[in-house]
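Colleague: build me a model:
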Amino acid sequence: MNEENITRIFLNDKEYILIGTAHVSKNSAEQVKEIIETEQPDSVCIELDQGRYQSITEGNKWKDTDIFKIIKEKRAGMVFINLALSSFQKRMADQMGIKPGQEMIQGIESAKTVGAKLILADRNIQTTFSRIWHSMNFKEKMMLLTQVIAGIFTDEKITEEDLEQLKTKDSIDAMLNEFTENLPQLKKPLIDERDQYLAEKIRTAPGEKVVAVLGAAHVPGVSREIEKTHDLTELTKTPPKSKKPKIIGWSIPVLIIAIIVYTFFANPDAGMQQTWSWILWHGSLSALGAALAFGHPLTILTAFVAAPITALNPLLASGWFAGLVQAFVRKPTVGDFENLSNDISSVKGFWNNKVTRILLIIILSNIGSSIGTFIGGADVLRLFFKNF
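Modeller: As a prediction, the model looks like this:
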């Protein structure tokens, strides 16, 4: 039996067998099948949460997605990031000729074959994303978004040998050290906390022999943490939202409105100049974002009209209105949702698919409006000091 990438731990009269995998490696899937069917464990733990498990076992569920609900619940950005990350993994999997997460699918099937209890051992991905986002400052958030978006445009090739090299412990340790150096706030919620969560689920899995199918990056951490007891409730708490962004979000429009109103009373012409500057900068840049995403003319017009108004209310965003209009005039078909998994594997697909185009319109329109706040606000201040 191939013992490469296998870690065996004996603890409290139980044997834990950790299989370190690469999520798009054909060899990983074959090894999972061999280990489970040979060892005949009582439980099989897989690195999936309930949502990802359903996605894998129930097939293509995108056709049941309500795009209007996603926009209204302000989840467009999160859905886009999920799709962007999936696109990178899918491109690698296509190169290898297998499905993304094939080793997890194999773990599910082999658990059924040997009659083992299946344990979904990973933390909910939305909880992880939330804890990641709240742990980062503005600069780190921008760096993360830049890396995610850049991943859509890359056509980097990776060999099977490269994937297998990623499964060696030395490479994993080096990668974690790089995480710590470049994005120190990212490692804790993405790796360390999930190591603790996974370790607790694996440690408490029923039976005397437990096999765990894990991404190789988690094996060193889980091996350390499995000897400890971890509070899953504490690890799944969503951090409270900081009041600082809300205070800043309301302070800027209040200040802008106050300056423009004061200027109107003192110098109506200058006040009118400020008003037009605010409208044109916001409207033009938000409309440009919608246009870059190939939005419908009515969508572009909506972004232009909505941006100057929504910029004065932190609870609203021009991209939401533009996205709703685009979804109405170019409503995605069942085919768009069914083709989503293929379309996200290319830049062209991201722009051509009606679903991802709506998400792009929302994001790019909001980015344009945000830039308009800085430029338009600066111009309002310039006109104020120029005239007084």
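
Colleague: show me where pLDDT drops low in the stretch 151-300 of the chain?
Modeller: The model of the stretch 151-300 of the chain has pLDDT under 70 over residues 151-184, 241-242, 245.

Colleague: quick one, helices of it?
Modeller: 160-165, 169-182, 184-187, 193-203, 219-225, 232-235, 243-266, 268-292, 297-310 (DSSP state H, counting those that start in this stretch).

Colleague: those helices: which one's closest to Thr7?
Modeller: Closest to Thr7 of these, according to Cβ to Cβ: helix 219-225, at 5.7 Å. For glycine as for every other residue, the C-beta is placed from the backbone atoms N, C-alpha and C.

Colleague: got the helices of the stretch 151-300 of the chain as CSV, with distance to Asn12 and mean neighbour count columns?
Modeller: Putting the helices of the stretch 151-300 of the chain into CSV (distance: least, Cβ to Cβ, whole Å; neighbours: other Cβ atoms under 10 Å) gives the following:
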stretch, distance to Asn12, mean neighbour count
helix 160-165, 33, 14
helix 169-182, 24, 13
helix 184-187, 29, 16
helix 193-203, 9, 23
helix 219-225, 15, 20
helix 232-235, 19, 11
helix 243-266, 45, 13
helix 268-292, 57, 21
helix 297-310, 57, 22
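
Colleague: looking at those, which is nearest to Phe384?
Modeller: When the helices of the stretch 151-300 of the chain are compared by Cβ to Cβ, helix 243-266 sits nearest Phe384, at 5.3 Å.

Colleague: what's the angle between that closest one and helix 297-310?
Modeller: 90 degrees (axes from the mean of the first three to the mean of the last three Cα atoms, to 10 degrees).

Colleague: off-centre distance for helix 243-266?
Modeller: In terms of Cα atoms, centre = their mean, to the nearest Å, the centre of helix 243-266 is set 33 Å apart from its chain centre.

Colleague: and if you look at stretch 10-23?
Modeller: Here stretch 10-23 shows a centroid-to-chain-centroid distance of 28 Å under the convention Cα atoms, centre = their mean.

Colleague: quick one: buried residues of that stretch?
Modeller: Within stretch 10-23, the residues that count as buried by 16 or more other Cβ atoms under 10 Å are 14-23.

Colleague: filter the residues you listed down to the ones in strands?
Modeller: 14-21 (DSSP state E).

Colleague: with distance to Lys244 as extra columns, can I get those residues in CSV?
Modeller: Below are those laid out as CSV (distance: Cβ to Cβ, whole Å):
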residue, distance to Lys244
Lys14, 46
Glu15, 49
Tyr16, 43
Ile17, 46
Leu18, 41
Ile19, 43
Gly20, 40
Thr21, 40
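
Colleague: out of those residues, who's nearest Val114?
Modeller: Set against Val114, the nearest of these by Cβ to Cβ is Ile17 (12.9 Å).

Colleague: excluding covalently adjacent residues, which one is nearest to that closest one?
Modeller: Val211 (4.7 Å; Cβ to Cβ, 6 or more residues apart in numbering).

Colleague: then Thr21?
Modeller: Closest residue in space to Thr21, ignoring its immediate chain neighbours: Ser28 at 3.7 Å, by Cβ to Cβ, 6+ apart.

Colleague: same question, Ile259
Modeller: Nearest non-adjacent residue to Ile259, counting by Cβ to Cβ, 6+ apart: Phe384, 5.3 Å away.

Colleague: cool, and Ala111?
Modeller: Val44 (3.9 Å).

Colleague: partners of that neighbour in the sheet?
Modeller: Val44 has these beta-bridge partners by DSSP bridges: Leu118, Val211.

Colleague: so it touches Ile119, yeah?
Modeller: Yes - if you go by Cβ atoms under 8 Å, Val44 and Ile119 touch, sitting 6.9 Å apart.

Colleague: out of the two, which sits in the more crowded spot?
Modeller: More crowded of Val44 and Ile119, by other Cβ atoms under 10 Å: Val44, with 28 against 20.

Colleague: for that one, which residues are in contact?
Modeller: By Cβ atoms under 8 Å, 6 or more residues apart in numbering, the residues touching Val44 are 36, 107, 110-111, 116-119, 210-213.

Colleague: ok, and for the helix ranked longest in the chain, which residues are buried?
Modeller: The helix that spans the most residues within the chain, counting by DSSP state H, is helix 354-387. Buried residues in helix 354-387, counted by 16+ other Cβ under 10 Å: 354-373, 376-377, 379-380, 383-384.

Colleague: tell me how far it lies from the chain's centre.
Modeller: Distance, stretch centre to chain centre, for helix 354-387: 24 Å (Cα atoms, centre = their mean).

Colleague: domains of this structure?
Modeller: Structurally, the chain divides into domains by automatic domain parsing as follows: 6-235, 243-387.

Colleague: so how far is the shortest one from its chain's centroid?
Modeller: Centroid separation for domain 243-387 versus its chain: 22 Å, with Cα atoms, centre = their mean.

Colleague: ok, back up a step: now the residue nearest to Ala111: how far from Asn5?
Modeller: From Val44 across to Asn5, the span is 16 Å (Cβ to Cβ, to the nearest Å).

Colleague: before we move on, back to that, mean confidence for the longest helix of the chain?
Modeller: Across helix 354-387, pLDDT averages out at 89.

Colleague: next, the angle from that helix to helix 268-292.
Modeller: Using the same axes, to 10 degrees, the inter-axis angle of helix 354-387 relative to helix 268-292 is 160 degrees.
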